[in-house]
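Undergrad: Just need the structure, nothing else, for what follows:
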Amino acid sequence: MVNKTLSLKKGSCHCGLVSFKARLPDDITVDECNCSICERVGFLHIIVPRSRFEIVTGKDQLTEYQFNSKIAKHLFCRQCGVKPFYVPRSNPDGYSLNLRCMDRGQFKTITIRPFDGKNWEANAGALAHLSHE
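TA: Here you go, the predicted model:
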């Protein structure tokens, strides 16, 4: 296993009421999913274990949306409607952070890889390890 140093990174919704922080490496790979919801909202996934994530402000400003299997918990700011993070179906023990809700200057390198979420059942296993320490 490659030893990656983790440092604190921050993000927020558009209006700033909901903010979060997470311990992440400086060099990251994010997944660009083409499923029905991710493609529509432009979500770029950074999946992290729950232990490396914290909601800093606005937990009471979040509203939840669920569909289909009702496993994923899509969380949106009640004020601006932006989804800065959520609990993904592939990793219900972690969070998926939206790179688009973070200052990219916090990272040294960012690699964006496509993820075929339209064929989720066949591909979800490739993400399962991302929420483990």
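
Undergrad: CA only for contacts and neighbour counts going forward, please
TA: Fine.

Undergrad: Go through the least confident helix or strand in the chain by mean pLDDT and flag the buried ones.
TA: Least confident element among the helices and strands of the chain, by mean pLDDT, DSSP states H and E: helix 120-123 (a mean of 86). Across helix 120-123, burial judged by 16 or more other Cα atoms under 10 Å covers no residue at all.

Undergrad: How far off centre is it?
TA: Between the centre of helix 120-123 and the centre of its chain there are 18 Å (Cα atoms, centre = their mean, to the nearest Å).

Undergrad: ok, now how distant is the residue nearest to residue 10 when sequence neighbours are not counted from residue 120?
TA: Nearest-residue entry for residue 10: residue 21, 4.3 Å, with adjacent residues in sequence omitted and distances by Cα to Cα, 6 or more residues apart in numbering. To residue 120, residue 21 is 28 Å away according to Cα to Cα, to the nearest Å.

Undergrad: Give me the buried positions along stretch 37-50.
TA: By 16+ other Cα under 10 Å, the buried positions in stretch 37-50 come out as 43, 44, 45, 46, 47, 48, 49, 50.

Undergrad: Run through who's touching the least confident helix or strand of the chain.
TA: If you take Cα atoms under 8 Å, 6 or more residues apart in numbering as the criterion, helix 120-123 is touched by 35, 115, 116, 117.

Undergrad: Mind putting those residues into a markdown table with pLDDT, secondary structure and distance to residue 8?
TA: A markdown table is the format used below for these (pLDDT from 0 to 100; DSSP: H, G, I helix; E, B strand; the rest coil; distance: Cα to Cα, whole Å):
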| residue | pLDDT | secondary structure | distance to residue 8 |
| --- | --- | --- | --- |
| 35 | 91 | coil | 29 |
| 115 | 94 | strand | 26 |
| 116 | 92 | coil | 29 |
| 117 | 90 | helix | 29 |
